[in-house]
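Q: okay, here's the prediction I keep looking at, along with the sequence it came from:
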Amino acid sequence: MKPSISRPGNWQLLRLWTGIGLQSFGGGASTTFLIQRTFIEKHKYLTAEEFTHFWSLCIPTPGINLIAVTILIGRRLGGAWGVLASLTGLLLPSAVITCALAAIFQQIEHLPAVQAVIRGVIPATGALMLLVAFNFAGPILRKSSKEGKLSLLANSAVIALCTLAVILLKLSAIVIVVSAIVVGALCFSPKPVPASQEGERQQ
Amino acid sequence: MINPLLYFLLFLKASLFSTGGLSNLPSLHQDLTGAGWAGESDFGQSVAIGQISPGPNGLWVISLGYLTYGYLGALLALISVVLPPFLVLVFAAIYEQIEHRPRVQGAMHGVSLAVVALTLAACWTILYQPSVDWKGLLIAVGAFGLALSRRVNFLLILALAGLMGYLLYGLG
């Protein structure tokens, strides 16, 4: 895995995460999108590979995946203080805004204008979720296309099958992840390269 | 009368035995309505707020905490969802011990493929719901283009989507 290029100080971490905690209206899709944009694209503190790897570690973790990924990013970029700065930055503003919304929601939720605005924002968060998926898929598909057409096809097929299994068969995330672990260990484990190339040449 | 310690432990239990932001709902629903500490409407309202407020959708429990037990409830709910994800450090430590094994690398690659699939499925879940019609899909296409261009401020994209929602659904 490529190491990240530069490191922010802990105040910079607090500032960046506070920006995300204040802006990410629209829930998890917006939050993940802003994390990718801020830490990978804008500041290049993380590579896309690292982020996908972090997220994979968060999948089996109990509770909210986004909080687990915030912990991993904070630790990578600033150790224990980095974790504290990152969690505080993300959660303090978003928790306060959530509380404030809870306090006023009952009065405003039935207003037609509010419902219309929310009805417009929801599809936009769907679009952000799609971009988040592309950002996850990017490094995986680039790497596999370097390995050859067969690898690209196999990786794309597993992604497509898992997606359809969730949408059409309503399989739970746990079933999908466990199946993907088995398929990955059987089909995607790196082989000892020189030996297999020798074998192919002899054939 | 709510017992603060028990209240916190119920939230913590729900978070500890869940994966992802909303899978703690059934446990909380059963425990809190069973104790008479929350009403049916508190749940629907909180989940809706979690979808529009900043931060992970899983912060819906903060809203549930506020609606059922005021600021103390919100604080206890926040602490209950922050603690369990720290277990990721244990998973990371275990993974670092075994990551050189080919089978482990293959399994981890499989998980990363599942991550892409689950994200795509989440996108489907958001877009394939009754409130999203063809006008909503047009908003999604517009937001996708603006976000992809990387030139438009994030909040401006959401504000434009909200404005389009108001113009398309609010005036009719």
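A: Thanks, I have it.

Q: how is the chain carved up into domains?
A: This is for chain A. Structural domains assigned to chain A are A:1-134, A:148-203, following automatic domain parsing.

Q: meant chain B actually
A: B:4-86, B:99-129, B:130-172.

Q: which stretches in chain A count as helices?
A: Secondary structure of chain A (DSSP state H): helices located at A:10-23, A:28-35, A:48-58, A:65-108, A:112-147, A:149-169, A:173-187, A:193-202.

Q: quick one, which of those gets closest to B:Asn153.
A: Evaluated over the helices of chain A, closeness to B:Asn153 peaks at helix A:10-23, with 9.0 Å, by C-beta to C-beta. No exception for glycine: its C-beta is placed from N, CA and C like everyone else's.

Q: may I see the buried residues of the closest one?
A: A:Asn10, A:Leu13, A:Leu14, A:Leu16, A:Trp17, A:Thr18, A:Gly19, A:Ile20, A:Gly21, A:Leu22, A:Gln23 (16 or more other C-beta atoms under 10 Å in any protein chain shown).

Q: if we can go back for a sec, which one of the domains of chain A is the most hemmed in?
A: Mean neighbour count (mean count of other C-beta atoms under 10 Å in any protein chain shown) peaks for domain A:1-134 among those, with a mean of 21.

Q: residue nearest the centroid of chain B?
A: Geometric centre of chain B, nearest residue: B:Asn57, 2.2 Å, by C-alpha atoms, centre = their mean.

Q: chain B: helices as residue ranges?
A: Using DSSP H, helices in chain B cover B:4-16, B:25-35, B:40-52, B:60-82, B:88-98, B:102-127, B:134-149, B:154-165.

Q: nearest to A:Leu130, of the ones you listed?
A: Among those, helix B:102-127 comes nearest to A:Leu130, with 4.7 Å by C-beta to C-beta.

Q: ok and that closest one relative to helix A:65-108, angle-wise?
A: Helix B:102-127 and helix A:65-108 are oriented at 10 degrees to each other (axes from the mean of the first three to the mean of the last three C-alpha atoms, to 10 degrees).

Q: from the contact counts, what lies against helix B:102-127?
A: Here helix B:102-127 touches helix A:28-35, helix A:48-58, helix A:112-147, helix A:149-169, helix A:173-187, helix B:88-98, helix B:134-149, going by 3 or more C-beta pairs under 8 Å, 6 or more residues apart in numbering or on different chains; DSSP states H and E.

Q: which outside residues touch the first one?
A: The reference is to helix A:28-35. A:19-20, A:23-24, A:51, A:66, A:69-70, A:73, A:90, A:94, A:125-126, A:128-129, A:131-132, B:21, B:54-58, B:122-123, B:126, B:147, B:154, B:158 (C-beta atoms under 8 Å, 6 or more residues apart in numbering or on different chains).

Q: low pLDDT regions in chain B?
A: Low-confidence segments of chain B, defined by pLDDT under 70: B:172.

Q: one more time with 50, if that's ok
A: Counting by pLDDT under 50, chain B contains no low-confidence residues.

Q: which residues are in contact with A:Tyr70?
A: Careful, residue A:70 is Thr; it's not Tyr. Applying C-beta under 8 Å, 6+ apart, the residues contacting A:Thr70 are A:Trp17, A:Ile35, A:Ser86, A:Leu87, A:Leu90.
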